[in-house]
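[1] Sharing a model prediction with you, sequence too.
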Amino acid sequence: MPTSVRTAYRDRLAQGEIKPDAAQAAAVDALARLEADLDGAGEPGFSLFGRKPKGQKGVYLWGPVGRGKSMLMDLFFDSAPIDKKRRIHFHGFMAEVHGHIDAWRKGDAAERKARFGQHRGDDPIAPTADLIAAQARLLCFDELQVTDIADAMILGRLFEALFAQGVTLVATSNRPPDDLYKDGLNRQLFVPFIAMLKDRMDVVAVRGPVDFRL
C-alpha cells in the first residue's frame with residue numbers, strides 16, 4: 001500500500017530534506033483530504049443505471065516558484081489510491097488535446113471511430129474528453145497557465161465534459177485562478193472556466209517565505 005501523502009511529507013521533514021512551512025502544511029491537509037475522498041470512493045466506474053461516476057473535489061496549489069508545489073503534488077500523486085492517474089505538464093497536456101482535436105477534424109468516419117469510439121456530430125470536444133477520461137480518472141497538472149487564446153477558448157467546454165465524466169483534478173500554478181489568462185483576448189469567454197475551477201477545487205496558496213531552490 002502506498003505511503004500516505006501526510007506520512008511522505010513528514011518523512012521529508014524528519015530527514016531534513018525540507019523545513020517546516022505552514023503554507024506547505026495547509027496544502028498537505030488539502031491533499032490528504034482528497035486522498036481520503038478518493039480512497040472512500042473506490043475506483044470510479046459506471047453504475048448499473050448508467051449514471052456517470054462522480055469525481056472528487058480537487059486541489060489547486062498556487063504560489064511563487066520554489067515553494068514546493070510540484071514536490072507536494074508528486075507526493076500526493078505517488079500516494080493517490082487510484083489506478084488510472086496521470087501527472088503531466090499542463091503545456092504538454094494541451095498539446096495532446098489539440099492533437100486529438102486536429103485528428104477528429106481531419107479524420108473520416110472510420111478514422112474517428114477507430115480513435116475515439118462511437119460519437120455523433122462534428123464537435124471534437126466530447127470525443128476528446130471521453131478519450132482523456134478513459135485513460136485517467138485523476139489528472140495532476142504541473143504549471144497550469146493559460147496564455148494561448150486557442151487554449152483559453154476550449155478549456156471551459158473541455159473541463160466541463162471531463163468533470164461530467166467524473167475526472168478529478170489537481171494542479172499547480174504560479175497564479176491564483178482569478179489571474180489566469182489575465183488581460184487575454186476575449187477573456188470574458190474564459191471567465192466561466194475560472195468559476196468552474198473555484199467550484200470544483202480547493203484553492204490553496206503556497207507562498208511561504210522560503211524559496212526551497214536556494
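    Arrived safely, thanks for sending. These figures come from a predicted structure and were not determined experimentally.
[2] Neighbours of Y60, how many?
    22 (other C-beta atoms under 10 Å). Where C-beta positions appear, they are placed from N, C-alpha and C, glycine not excepted.
[3] show me the residues around the closest residue to it other than its chain neighbours that make contact.
    Among residues not flanking Y60 along the chain, M201 sits closest, at 4.3 Å (C-beta to C-beta, 6 or more residues apart in numbering). By C-beta atoms under 8 Å, 6 or more residues apart in numbering, M201 lies in contact with K57, G58, V59, Y60, L169, V170, A171.
[4] So what does M201 look like in phi/psi?
    Dihedral pair for M201: phi -140, psi 150, per degrees, to the nearest 10.
[5] that older thread, of the contacts of M201, buried ones?
    Among those, those classed as buried by 16 or more other C-beta atoms under 10 Å are G58, V59, Y60, L169, V170, A171.
[6] gap between the residue nearest to Y60 and F116?
    27 Å (C-beta to C-beta, to the nearest Å).
[7] Contacts for the lengthiest helix in the chain next, please.
    The single longest helix within the chain, with elements called by DSSP state H, is helix 22-41. With contacts defined as C-beta under 8 Å, 6+ apart, helix 22-41 is touched by 4-6, 9, 18, 54, 56-59, 61, 63, 67-69, 72-73, 75-76, 79-82, 138, 168, 170, 202, 204-208.
[8] what does the model give the residue positioned nearest the centre of the chain for pLDDT?
    Residue closest to the average C-alpha location in the chain (C-alpha atoms, centre = their mean): L169, at 3.2 Å. If you check L169, the pLDDT there is 98.
[9] what sits opposite it in the beta ladder?
    L169 has these beta-bridge partners by DSSP bridges: L139.
[10] And for R86?
    Assessed by DSSP bridges, R86 has beta-bridge partners L139.
[11] Helices of the protein, residue ranges please.
    Taking DSSP H as the test, the helices found in the chain are 5-14, 22-41, 69-79, 90-106, 109-116, 125-135, 149-164, 191-200.
[12] now, of those, which is deepest in the fold?
    When the helices of the chain are scored by mean count of other C-beta atoms under 10 Å, the highest mean neighbour count falls to helix 69-79 (a mean of 21).
[13] Can I get the contacts of M201 in JSON lines including distance to H89?
    Converted to JSON lines, the contacts of M201 look like this (distance: C-beta to C-beta, whole Å):
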{"residue": "K57", "distance to H89": "23"}
{"residue": "G58", "distance to H89": "17"}
{"residue": "V59", "distance to H89": "17"}
{"residue": "Y60", "distance to H89": "16"}
{"residue": "L169", "distance to H89": "14"}
{"residue": "V170", "distance to H89": "13"}
{"residue": "A171", "distance to H89": "11"}
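[14] Out of these, which is nearest to D179?
    Nearest to D179 among those, counting by C-beta to C-beta, is Y60 at 12.0 Å.
[15] Would you confirm that the closest one contacts A171?
    Yes: Y60 sits in contact with A171 when judged by C-beta atoms under 8 Å, with a separation of 5.2 Å.
[16] still on that earlier bit, which residues touch the residue nearest to the centre of the chain?
    The neighbours of L169, taking C-beta under 8 Å, 6+ apart as the test, are G55, G58, Y60, L138, L139, C140, F141, F159, L162, F163, R200, M201.
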